[in-house]
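Participant: Show me how the following folds:
(chains A and B)
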Protein chains: 2
Amino acid sequence: MTHQAAIALGQSLRVLATDPEESAAQIAADVVLGDHRRLADLRRVVDGATVLTFDHEHVPTEHLRALEEEGHRVAPGPDALVHAQDKLVLRRALADAGEPQPAWAEVVTATDVASFAATQGWPLVLKTPRGGYDGKGVFVVADESVAAELIERHGVLLAEQRVPMVRELSAQVARSPFGQVAVWPVVETIQRNGVCAEVLAPAPALPDEVATAAQELAVRIADRLGVVGMLAVELFQTPDGVLVNELAMRPHNSGHWTIEGARTSQFEQHLRAVLDYPLGSTAMTAPVVVMANVLGGAAAEEGWAGPSLDERLHHLMAHWPDVKLHWYGKDQRRGRKLGHVTALGEDLDGVRARAAAAARYLADGVVDPAFAFDDEH
Amino acid sequence: MTHQAAIALGQSLRVLATDPEESAAQIAADVVLGDHRRLADLRRVVDGATVLTFDHEHVPTEHLRALEEEGHRVAPGPDALVHAQDKLVLRRALADAGEPQPAWAEVVTATDVASFAATQGWPLVLKTPRGGYDGKGVFVVADESVAAELIERHGVLLAEQRVPMVRELSAQVARSPFGQVAVWPVVETIQRNGVCAEVLAPAPALPDEVATAAQELAVRIADRLGVVGMLAVELFQTPDGVLVNELAMRPHNSGHWTIEGARTSQFEQHLRAVLDYPLGSTAMTAPVVVMANVLGGAAAEEGWAGPSLDERLHHLMAHWPDVKLHWYGKDQRRGRKLGHVTALGEDLDGVRARAAAAARYLADGVVDPAFAFDDEH
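Facilitator: So this is what the prediction gives:
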């Protein structure tokens, strides 16, 4: 999706991929095969490039520092990026800045967990500081014995209060090296089994003052950390306001709706920012935009006897001519993010029903009778 | 731009390019270097492909027939495509179908031209039947001696009445092999020196009955010729209605506005059609959409001492954050289509002024004081 934006801007994108069958490697003109954990491979990518940027957080900080020392531009820089890589580093930085976040503690023994639980109560949340995504590395723990086992396995963990969450929000902001920022409307993200299933833009019925507070929080974090590029601030909405869950410093699933739903997509904006171009308008293109992920479902199972992917795509396009498809060209596996769909319109219920039904049909080959044949289209 | 659409649909695009520096070759993953006039090169492109399609009209008809005989799908097929390749073939087909077009004659001698002029008057228009584009191969001829010279040089020509033109319109339609059609609003195209400079969507103040007649005409032509993919019907609007000027059977400059301006772009729709998928919604995303081409201007000249391309892009993005850029990555030369910009909004004058000023700034490095610092943004 970044390559689509790069094409419009007349930019040449070089991609580091571990396998030629990766989505980006299938469609980019300039592909370097290698491992993002090997400095030598990273050097092959940056050779002659204007800037190095990312579509995940897993490039080791020390390699990025080495590349900067060798004179390469890295955006976001390692000192910013580490806050999206390491949840303990983030918690400390937010505490220093006095920003709202769940109660937390660094825990290295079962006793540490017990003393944290003494003030916050069970169940609590234990997280691996690094490497988690899509619910991996996050454990809701109800008692000390499970906690002890996790500590044993992982060493250092981040303990967090289980917050009285109303829902999850995401505030996206882009920041240029010059310090220009651009914010999109705050969105609601709906997770299923720890994985983002839907994004509603703007977050329905979000009071203006909470939305503004979330946007200002995102801008403050971007400024304080010196982010260059996209920053998605994942938030817990509680009865008392918003708390920071975690950060992504790249185009993020919670911003895919911007491709059709905003005048400037997060992908274009990320490129503008890391290339130090002025940022584009973040105005929405419709009152309501809903993105639904296509997570590998029944149709991704071996022995699936229902309509083939090609047949499902035919039916999808015939049934929802206004729904926009993004298919990533990955092997189909259960639970895997295989693509997403976006619907736009005036009426949240109708738009959401179209997006959800289209995504579910692609995943499972079934049309939900509750919202398939409504009057929306 | 077709590759951008292919990425979203999860399709793999293989490109035939004559040079690795061509725009498409710079950004596509699968590039075959070769000549579209050589059957052997075309065979390398179609090997293993689902369908062969085009972004220009210059592939020889006989090669396409040969590929079809070898079992390859070609869309649009050669029998349809020839009407976009050969203006005499088009004129005959439209005459057979009784569709509105300028008075015309096939001329092979100066006497033929003189007898056509006897009924239609001077000046008249002489066109080479094949190979013309962007005003090339089109001659407005005021007397017999110039006509004789052109006949001498070109052999067979198409003579056309110089129609009492109000303006030029374009009606875009996509047609699938199944026969499904999708039409966009009719647009006005504004030419300068025979080259498209601006496209206004929808065509301002076009009476509904003329718009509908133009759309129906485009659908009839697509059906009758068996077009598969995009068809742009370029029209002359006269006081008495519309006349067909010429056809393009591919995504066309007059449809670039659809990338941001319609729910389904002409590029996505072309792919859907040639892949035999159902077509997408053609609803507009804003009341007014204006596309302006960036034609190489003063800034493309040798010795240009004004702001560099990179500086101009900076200023463009800073000054018009809502204007969408498409930069083709070509060498800059005077008169060459180097890219285009699209503006969207409510108010034609304001939207058009933004698009025109942005395009002119990129081309010439000057901001037109008449519409640069208005209140539109």
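
Participant: which stretch of helix or strand covers the residue in the stretch 101-250 of chain A positioned nearest to chain B?
Facilitator: Using C-beta to the nearest C-beta, the closest approach of the stretch 101-250 of chain A to chain B is made by A:Ala182 at 8.2 Å. For glycine as for every other residue, the C-beta is placed from the backbone atoms N, C-alpha and C. A:Ala182 is part of strand A:181-183 when elements are defined by DSSP states H and E.

Participant: Show me what the very next helix or strand once past that strand is in contact with.
Facilitator: Downstream of strand A:181-183, the next assigned helix or strand under DSSP H and E is strand A:187-192. With C-beta atoms under 8 Å, 6 or more residues apart in numbering or on different chains as the test, strand A:187-192 has contacts from A:135, A:167-170, A:172, A:196-204, A:206, A:234, A:254-255, A:257, A:295.

Participant: who does strand A:187-192 pair up with?
Facilitator: Paired strands of strand A:187-192, with direction, are strand A:167-175 (antiparallel), strand A:195-201 (antiparallel) (DSSP bridges).

Participant: about what we covered before: give the bridge partners for the residue of the stretch 101-250 of chain A closest to chain B, please.
Facilitator: A:Ala174.

Participant: and it, how many neighbours?
Facilitator: A:Ala182: 22 surrounding residues under other C-beta atoms under 10 Å in any protein chain shown.

Participant: Now mean pLDDT, mean neighbour count and distance to A:Ser23 too, for the strands paired with strand A:187-192, in JSON lines please.
Facilitator: Shown next, in JSON lines, are the strands paired with strand A:187-192 (pLDDT from 0 to 100; neighbours: other C-beta atoms under 10 Å in any protein chain shown; distance: least, C-beta to C-beta, whole Å):
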{"stretch": "strand A:167-175", "mean pLDDT": "98", "mean neighbour count": "25", "distance to A:Ser23": "21"}
{"stretch": "strand A:195-201", "mean pLDDT": "96", "mean neighbour count": "22", "distance to A:Ser23": "17"}
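
Participant: For B:Val31, which of the ones you listed is the nearest?
Facilitator: Proximity to B:Val31, assessed across the strands paired with strand A:187-192 by C-beta to C-beta, is greatest for strand A:167-175 (31.8 Å).

Participant: from the chain's centre, how far out does the closest one sit?
Facilitator: 10 Å (C-alpha atoms, centre = their mean, to the nearest Å).

Participant: how about that strand as CSV, C-alpha atoms only?
Facilitator: Output of strand A:167-175 as CSV, limited to C-alpha atoms (Å, rounded to 0.1, in the frame of the first residue of the first chain):
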residue,chain,number,x,y,z
ARG,A,167,-13.6,0.7,24.0
GLU,A,168,-10.4,1.1,22.1
LEU,A,169,-9.5,4.2,20.0
SER,A,170,-6.7,5.1,17.8
ALA,A,171,-5.3,8.6,17.1
GLN,A,172,-3.2,8.9,14.0
VAL,A,173,-0.8,11.7,13.4
ALA,A,174,2.0,12.3,10.9
ARG,A,175,5.0,14.5,11.8
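
Participant: count of residues packed around A:Glu21?
Facilitator: By other C-beta under 10 Å, neighbour count at A:Glu21 equals 11.

Participant: mind checking the SS state of it?
Facilitator: coil (DSSP: H, G, I helix; E, B strand; the rest coil).

Participant: what sits against A:Gln4?
Facilitator: By C-beta under 8 Å, 6+ apart, the contact list for A:Gln4 reads A:259, A:267, B:4, B:7-8.

Participant: Oh, that last question was meant for A:His315, not what I typed.
Facilitator: Contacts of A:His315 (C-beta under 8 Å, 6+ apart): A:307, A:361.

Participant: got the residues of the stretch 101-250 of chain A near chain B?
Facilitator: Contact residues, the stretch 101-250 of chain A versus chain B (C-beta under 8 Å from any C-beta of the partner chain): none.

Participant: so A:Leu325 bridges to which residues?
Facilitator: A:Val341.

Participant: average model confidence for the helix or strand hosting A:Asp112?
Facilitator: A:Asp112 belongs to helix A:110-120 when assigned by DSSP H and E. Averaging pLDDT along helix A:110-120 gives 94.

Participant: and the helix or strand following it, which strands flank it?
Facilitator: As assigned by DSSP H and E, the chain's next helix or strand after helix A:110-120 is strand A:124-127. With DSSP bridges as the test, strand A:124-127 is paired with strand A:138-141 (antiparallel), strand A:157-160 (antiparallel).

Participant: Same question for the first one: list its buried residues.
Facilitator: What it means is strand A:138-141. Residues of strand A:138-141 classed as buried by neighbour count (16 or more other C-beta atoms under 10 Å in any protein chain shown): A:138-139, A:141.

Participant: where do the helices sit along the stretch 251-377 of chain A?
Facilitator: Using DSSP state H, counting those that start in this stretch, the helices of the stretch 251-377 of chain A run over A:258-261, A:266-274, A:309-319, A:348-364.
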